[in-house]
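Trainee: 3D, please:
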Amino acid sequence: MSRRPNVAIIGAGFAGLRCADILIQNGAQVTIFEARDRVGGRVHQCKVGGHLVDMGPNWIHGAGANPVLDIARATRTTLHDFEGSQLVFGSNGKALDERVAMKISEILWTTIDEAFTYSNNHEADIPAEKSLLDFIRERLQETNLTEDEKRLCIDTARLWGCYIGDPIERQSLKFFSLEESIDGSNYFVASTYKDILAQVSSTALQHADIRLNQPIVNIHSKPIIQGTSTRREITITTQTGERHAFDEVVVTCPLGWLKRNKEAFTPELPPRLSSAIDAISYGRLEKVYITFPEAFWHTKSTGNTVTLPTVSASAANGTNTKLSFAQFLTPLYYTDHPEEVPWDQECFSLAALPKDTAHPTLLFYTYGPCATYIVNKLTSLSSTTTEVTNSHSHAPSSKQYTFLNTLFAPFYSLLPNYIPNTKACTPTSILATTWQADPNAGHGSYSNFQVGLVDGNKDIETLRAGMGLDRGVWFAGEHTAPFVALGTTTGALWSGERAAGQICALYRLGRVGMGVERDDSLPSGNGNGSMGVFSEGANGKGGSGFRVGGGSATGVRNGGEGGERDALFSQLDTRQYTWVAGQCKAVHERKNKQASGSNPVKQNMGNPDKQTKARSQPNPDRTQPRSKQEGQTRNEADEDRSREALWGILIECNEDE
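Mentor: Numbers count the residues shown, from 1 in each chain. Down below sits the predicted model:
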C-alpha cells in the first residue's frame, strides 16, 4: 500500500499534535478534531495575579534522552531544578528538626527505590491487592527506628499521592515499576509550557485541517469488503451530526474519556481492549495557585520565626538557599474538612524560580479525595458549568476565593515571616484547577496503577495496539506511552510518534522525523531506558514510540544524511527490517550494559506533577549517581554512536542482499 492516506486525529493535545507532525512530513492528509476552542489539551496556561502559570503539566521528567527537554532548550524555555531549602511541618504544625527531616527523607527514598526494584523483579509473585504503603510498612518494621520516626516516614510517604493523584494506599506494588521515569534530573518549567506547545503544534497549525469545538460522538470502523481486497473506511460523527470518512483514525482522547465513552465506538470495542480501558485507573491531581503582594516567606520581618535549614544547593539559576517547597504532614491542627478526607499538603514557592520568571505565588498540589472535595465545592459555587473549566482566577470578593483561602490559610500561615491580617500576607488572587469537572480531560489528570490491577503492563500494550490493523483505529496518549514515560508530556509525544509511525509503515510513506524506537526498559530493571528496536511492521511488538532525532526544534531530520537514512528505512522489506531490529537491539544492549553504572534513585516528593513524572530529591545534599552534565554528555554521545552503528548495519544489510 503506497497511496496517500486521509487520516483523522481526535484530540489536539501533545499526542495528537506530534502524530500530525509526523504524518504531514511523510505525505499524509491530516484532519484534527478538537472538542475545545484551543489546541494543547491538558497543556494549558492561565493567569493568577497577572502571572502566567500552567494548569496542566509543570514538569519535564528526566534529563536523559527526552524530546520535550530538547524542545525546551531549543525554544529557550526557562527551566528550574527545585533544590533549595525545604520545610517539613509535623502533625502538630511545628517544623521538624532539620536532621530528623533529612533522616526520614533518606530512609523513605531508599525504601521507594527498593520498591521499584522489587516490583520490577517480582511482579508475577506480588499479590494484586498489595499496596506500596504495605511494602513501606513492612520495610520499616525491619529497621531500628523509633515509633515516632516510623510514623513520620508513613506520614511523609502519604505525599506520594501528589505524584499519582490518589492516596498511597491505592498505589499497586505489583505495578509500581510503571511509575518509574527517564533517568536524570527533573525540571520545573518556570516560563510555562507556552513556547514548547507553540513548537509542538507549529506543523499541525500550518498544514493540518484543524477543526476546533468539534467533539466526536461516534467512530464507526467496520472494514468494507470489496472483491478480493479489504478497504477500510472509518466514519466519525461530530456532536452536531456531521459525518466524515477517513482511511485511518488516531484516537488521542484521555483515558478518562475512553472509560466514559466506550459506546462511541461501533461496532463495540473488542473485549480485551475494553477490559484494558477499565483496568488502568485515572488519577485525581489538582493544583491551587495562591498569589501574594510579595513573597513574605522570603523576606525578613517580625512574623513567624521558623528557621530554614542551613543547606546550600545549586539551582538552575545558581546557588539558592531560599525556601523552595514545604510539606505539611497529617495536619491534626486543621479539622475544617470532611473527617474521612486526608489533608496532607505540599507546596512550592514560585518566588524561588529564576529571576525573570519568579513571582510571589505558592503552588499547592492536591490529590485524591481532597482534590475531589475542592473541585466539587468550586463546582457548586459556580453559577454556570463553564466557570469551573480552568479558565480564570478568583478575586478576594468571590465566594471561591473565600472558600479556598479558608482551606489553605492554616498552611501558608505556618511559613516564615507570616504576620496575620497584613497586606503582605493576604492573597491577592487564587487559581484552582478543576480537571475533575472537565469532560474533555476525562474528569481527571492522568493514568495511574491502583491495587487490584492484574495485568497492568499487558493492558498498556493492548491500548497501544488498539484496532489499527483490524479496523483502522489507532490509539495514542500518555496512557499508551513507553513504560518509562507513562503519564507525562514526553510519553504523550512519543505515543503520537508511535501511532504515526505505524500508519506510515502501513502505507509505506517513509520515516521522516522518526528515530529509533523507545523501548520499555526501566531503571530498576538494570536498564537506563535507552532506545530499543524498531517496530516490526505497522503493529510491531514495541509499539512504544520513537525517539525524536536531531535537527530542528521538533527533532525532525530534513535532508542530508538523516534524510538519506529515512529513505533507506522506508525501503527495507520485512526480512531486512527484522534483521536490522535484532542487530540494533544488540547494539543498544551492549551500550546499555557498558554505560549503566548505578541504578538511579527515584527523586523528590517535591515534584508531584507526573504529566507530569519522577522527582528531584527533597534532601538537597543527596548525592546523584552522577552529575547532570556527565549524564547528558554520556547519553548524547551514546546516541550519536548508536546512530552511526545503526547506519553501518543498514548498509551491511543492503550489501548482503
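
Trainee: Extract the residue ranges of the protein that are flagged as low pLDDT.
Mentor: Residues of the chain that meet the criterion pLDDT under 70 lie in 1-2, 84, 224-231, 300-321, 384-391, 515-516, 526-657.

Trainee: quick one, domains of it?
Mentor: 6-42+193-281+445-520+529-595+626-656, 45-187+284-441 (automatic domain parsing).

Trainee: Reformat those domains as TSV; add mean neighbour count.
Mentor: C-beta coordinates here come from the backbone N, C-alpha and C atoms, glycine included. Conversion of the domains of the chain to TSV gives the following (neighbours: other Cβ atoms under 10 Å):
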stretch	mean neighbour count
domain 6-42+193-281+445-520+529-595+626-656	20
domain 45-187+284-441	19
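
Trainee: you'd agree residue 408 is up against residue 288?
Mentor: Yes: here residue 408 lies in contact with residue 288, judged by Cβ atoms under 8 Å, at a distance of 6.5 Å.

Trainee: need the contact list for the spatially closest residue to residue 367 that is not a sequence neighbour.
Mentor: Nearest-residue entry for residue 367: residue 161, 4.2 Å, with adjacent residues in sequence omitted and distances by Cβ to Cβ, 6 or more residues apart in numbering. Contact partners of residue 161, counting by Cβ atoms under 8 Å, 6 or more residues apart in numbering, are 167, 168, 342, 344, 367, 368.

Trainee: from the residues you listed, which single one is nearest residue 25?
Mentor: Using Cβ to Cβ, residue 367 comes nearest to residue 25 of those, at 38.7 Å.

Trainee: Show me the helices in the stretch 201-350 of the chain, by range?
Mentor: Residue ranges of the helices in the stretch 201-350 of the chain, as given by DSSP state H, counting those that start in this stretch, are 255-260, 271-279.

Trainee: For residue 380, find the nearest of those helices.
Mentor: Using Cβ to Cβ as the measure, helix 255-260 is the one of the helices of the stretch 201-350 of the chain that comes nearest residue 380, at 21.1 Å.

Trainee: Checking the residue nearest to residue 367 next. Helix, strand or coil?
Mentor: helix (DSSP: H, G, I helix; E, B strand; the rest coil).

Trainee: before we move on, back to that, so which of the helices of the stretch 201-350 of the chain gets nearest residue 64?
Mentor: Nearest to residue 64 among the helices of the stretch 201-350 of the chain is helix 255-260 (25.2 Å), distances taken as Cβ to Cβ.

Trainee: all strands of the stretch 101-250 of the chain, in order?
Mentor: Read by DSSP state E, counting those that start in this stretch, the stretch 101-250 of the chain holds these strands, from start to end of the chain: 186-189, 209-211, 216-220, 224-226, 229-231, 234-238, 243-246, 248-251.

Trainee: returning to what we had before: can I get the helices of the stretch 201-350 of the chain in JSON lines with distance to residue 219?
Mentor: Rendered in JSON lines, the data for these read as follows (distance: least, Cβ to Cβ, whole Å):
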{"stretch": "helix 255-260", "distance to residue 219": "11"}
{"stretch": "helix 271-279", "distance to residue 219": "13"}
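
Trainee: I'd like to know which of these is closest to residue 525.
Mentor: Each of the helices of the stretch 201-350 of the chain was scored for nearness to residue 525 using Cβ to Cβ, and the closest is helix 271-279 (22.1 Å).

Trainee: and the closest one, what other elements does it pack with?
Mentor: For helix 271-279, the packing partners by 3 or more Cβ pairs under 8 Å, 6 or more residues apart in numbering; DSSP states H and E come out as helix 255-260, helix 456-465.

Trainee: Adding distance to residue 394, write those helices out as JSON lines.
Mentor: Shown next, in JSON lines, are the helices and strands packed on helix 271-279 (distance: least, Cβ to Cβ, whole Å):
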{"stretch": "helix 255-260", "distance to residue 394": "25"}
{"stretch": "helix 456-465", "distance to residue 394": "37"}
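
Trainee: Between these, which one is closest to residue 65.
Mentor: When the helices and strands packed on helix 271-279 are compared for distance to residue 65 using Cβ to Cβ, the nearest one is helix 456-465, at 19.6 Å.

Trainee: quick one: that closest one to chain centroid distance?
Mentor: Here helix 456-465 shows a centroid-to-chain-centroid distance of 17 Å under the convention Cα atoms, centre = their mean, to the nearest Å.

Trainee: try stretch 96-109
Mentor: Between the mean C-alpha point of stretch 96-109 and the mean C-alpha point of its chain there is a distance of 27 Å (Cα atoms, centre = their mean).

Trainee: again with stretch 65-72
Mentor: In terms of Cα atoms, centre = their mean, the centre of stretch 65-72 is found 13 Å from the chain centre.

Trainee: Next, name the residue at the spatial heart of the chain.
Mentor: Residue closest to the mean C-alpha point of the chain, counted by Cα atoms, centre = their mean, is residue 488 at 1.5 Å.
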